[in-house]
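Asker: Need the 3D shape of this:
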Amino acid sequence: MIQFLITIHTIISILLIIVVLMQSGQGGLNSMMSGTANSMMGSTGANDFITKLTTGLGIAFIGLAMLIGALSGESSTASESILQKDAESRQVDEMIPQEFSLPSSDELIPEESSTN
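Answerer: Okay, the predicted model is just below:
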């Protein structure tokens, strides 16, 4: 399903690029078709059609991008943040003592008395 949507999304993006490149700041479609658009659809008809086509393709492009993102997102229902997952992965297994204690008197090495 997602592969099909990605294929359609790619086709729409290519069409959108072509339609945007067909538009120009001054001549529009008329300059590209060397004036034949005037006789086919009128001087403003072709430009209005291209503008509406660009708007439609843009809306379809954004809608499909959002749909693909929603369908291919993480499927786990647990809403645990990335920071919590990272903190859990860095936890140390060994317990660190909270206080330092001196060794008991049994463990101390007796001092050797040196008599001179």
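Asker: In contact with I8, which residues are there?
Answerer: L64 (Cβ atoms under 8 Å, 6 or more residues apart in numbering). Yep, even glycine has a C-beta here, placed from its N, CA and C like the rest.
Asker: name the element it belongs to?
Answerer: Per DSSP states H and E, I8 falls inside helix 2-22.
Asker: Over to A70?
Answerer: Element membership for A70 (DSSP H and E) is helix 45-71.
Asker: now that helix against helix 2-22, angle please.
Answerer: Between the axes of helix 45-71 and helix 2-22, defined by axes from the mean of the first three to the mean of the last three Cα atoms, to 10 degrees, the angle is 150 degrees.
Asker: tell me the mean pLDDT for helix 45-71?
Answerer: If you average the pLDDT over helix 45-71, you get 91.
Asker: Downstream of that helix, the next helix or strand is which one?
Answerer: Downstream of helix 45-71, the next assigned helix or strand under DSSP H and E is helix 82-89.
Asker: Point out the other helices and strands that that following helix packs with.
Answerer: Here helix 82-89 touches no other helix or strand, going by 3 or more Cβ pairs under 8 Å, 6 or more residues apart in numbering; DSSP states H and E.
Asker: ok, and what's touching it?
Answerer: Residues outside helix 82-89 that contact it (Cβ under 8 Å, 6+ apart): none.
Asker: Same question for stretch 66-73.
Answerer: With Cβ under 8 Å, 6+ apart as the criterion, stretch 66-73 contacts M1, I2, L5, I6, H9.
Asker: Count the residues that sit near the closest residue to S13 other than its chain neighbours.
Answerer: Of all residues not flanking S13 in the chain, F61 sits nearest, at 6.0 Å (Cβ to Cβ, 6 or more residues apart in numbering). As a burial measure, F61 scores 15 neighbours (other Cβ atoms under 10 Å).
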